[in-house]
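**Q** below are the sequence and a predicted model; questions follow.
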Amino acid sequence: MSLPGPSESAADRSGRSPPANPSPSPASPVIRVAGARLRYGRHTALAGIDLTVRAGEQVAVIGPDGVGKSSLLALIAGARRLQEGEVEVLGGSMRSARHRHRICQRIAYLPQGLGRNLYDSLSVRENIDFFARLFGGKAADRGERIDALTEATGLAAFRERAAAHLSGGMRQKLGLCCALVHEPDLLLLDEPTTGIDPLSRRQFWELIADLRAARPRLALLLATSYLSEAREFDAILALQEGRTLARGTPQDLLQRTDRTSLEQAFLALLEDREGAPARGRTKREPTATRSTMRSLRIPAPPGPRILSPPPTEGTATNPSPSRPTISPSASGTSRQSTPPASASTRARSSASSARTAPGRPPP
């Protein structure tokens, strides 16, 4: 079942004019970021990022963990204060508190983390109803909207279940319902499928496809480390260490790097940024650290196995013969055994026993 599109409000049915919520103009971008900079203490999270997203466009921000993807989405959502540069969303500057308050109902923001925007003690229905009230939804419309969203996401049978008792994939679906209950013009998704199973990932993106089919003017900005998810997007912004590594369509990046997958293209772009490939390495073997490959959800190739040389004849297999060893006893328990003592050690032990034997005077 498809996600519901824009619904007719109670004000529309009564003949009164609905509140002003104009659709984004095709001429003006929904998002315009110019020279955005953000620091956390001495750490630079964003270093001069530029980005433009227009109505109906879907753009993916890709890169390994810790490159500034979440910070960029938080700036665009108005959840974090801009330090340097400009961020304009839906026709106004996000530096203005008045503008942020005016457009908050037109932005849906799903932050990173499984159901991070949910209240665990509330049920599925209560969570959606809370967000509908928060964004000013009318009482006459909330019930219909909740029914439509839960039916579309497969949560209808779990409306009365507490959010704390949902699986990871169900929590993400509920978070999406809460984000879409007010019918936004801009959808911000921060790592929405991290930590959920492959089937839930596929169902989640089917819901997004249904949503975009129902609302073709909806702008979508995704932050992800799964490069395969960005393959069908209109444009890609690749980040590395808070800076722009590359931007363009997926096909542009593949042609620029002469690669067949976005994973290979991203690693090739990293190689070009860091310098020429190592001597003797082929063109299709980009150098990359294992940590970067893990952050990009790319399985790292196995490293070389280090084998110890076999012991030669006449060489002891135990390098520390004086170290006690543990050997199993006949009863099945472990007992400690010591290596045999030398002749001089046995002689000293015998002399000591003779001196301390009972009934014999000391010498």
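**A** Done, it's in.
**Q** which residues does Asp190 contact?
**A** Asp190 makes contact with 69-70, 73, 109-112, 223 under the criterion CB atoms under 8 Å, 6 or more residues apart in numbering. Bear in mind the C-beta positions are built from the backbone N, C-alpha and C, glycine included.
**Q** give me every residue that touches the closest residue in space to it that isn't next to it in sequence.
**A** Spatial nearest neighbour of Asp190, chain neighbours left out: Gln112 (4.2 Å); criterion: CB to CB, 6 or more residues apart in numbering. The contact partners of Gln112, by CB under 8 Å, 6+ apart, come to 70, 190-191, 194, 223.
**Q** what strand or helix carries the closest residue in space to Ala230 that isn't next to it in sequence?
**A** Closest residue to Ala230 apart from its sequence neighbours, by CB to CB, 6+ apart: Ala60 at 3.6 Å. Following DSSP states H and E, one finds Ala60 within strand 58-62.
**Q** secondary structure element for Ile196, which one?
**A** Going by DSSP H and E, Ile196 is not part of any helix or strand.
**Q** related to what we said a few turns ago, per-residue confidence at the residue nearest to Ala230?
**A** According to the prediction, Ala60 has pLDDT 96.
**Q** for Trp205, same thing?
**A** The predicted structure lists Trp205 with a pLDDT of 88.
**Q** now Asp197
**A** We have a pLDDT of 81 for Asp197.
**Q** contacts for the longest helix seen in the chain?
**A** Taking DSSP state H as the criterion, the chain has its longest helix at helix 198-214. For helix 198-214, contacts defined as CB under 8 Å, 6+ apart pick out 1-5, 58, 152-154, 167-170, 172-173, 176, 180, 187, 189, 192-193, 196, 218, 220, 229.
**Q** wait, the residue nearest to Ala230 sits on Ser228?
**A** No. Applying CB atoms under 8 Å, one finds Ala60 not in contact with Ser228, separated by 10.6 Å.
**Q** for those two, indicate the residue with more neighbours.
**A** Counted by other CB atoms under 10 Å, Ala60 and Ser228 do not tie: Ala60 has more neighbours, with 25 against 12.
**Q** tell me who's in contact with Leu82.
**A** By CB under 8 Å, 6+ apart, Leu82 lies in contact with 36, 38, 75, 94-95.
**Q** try 6 Å
**A** Residues in contact with Leu82, defined by CB atoms under 6 Å, 6 or more residues apart in numbering, are 75, 95.
**Q** separation between it and Gly136?
**A** Per CB to CB, to the nearest Å, Leu82 is found 26 Å from Gly136.
**Q** can you map out the strands along the stretch 1-150 of the chain?
**A** 31-40, 43-53, 58-62, 84-89, 92-93, 107-110 (DSSP state E, counting those that start in this stretch).
**Q** lowest-confidence one in the contacts of Gln112?
**A** For those, the pLDDT minimum is Thr194, 83.
**Q** surely that one is within a strand?
**A** No. Counting by DSSP: H, G, I helix; E, B strand; the rest coil, Thr194 is not part of a strand but coil.
**Q** just give me the neighbour total for it.
**A** 18.
**Q** how much space between it and Glu229?
**A** Counting by CB to CB - Thr194 and Glu229 are separated by 10 Å.
**Q** same deal with Ala34?
**A** 26 Å.
**Q** of the two, which one has the most company?
**A** Per other CB under 10 Å, whichever of Ala34 and Glu229 has more neighbours is Glu229, with 22 against 13.
**Q** can you give me phi and psi for that one?
**A** phi -70, psi -20 (degrees, to the nearest 10).
**Q** where do the helices sit along the protein?
**A** Remark: helices assigned in the chain by DSSP H are 10-14, 69-77, 97-103, 124-134, 139-153, 168-180, 198-214, 250-257, 262-274, 290-295, 343-355.
**Q** rank those helices by mean pLDDT and give me the bottom one.
**A** helix 10-14 (a mean of 39).
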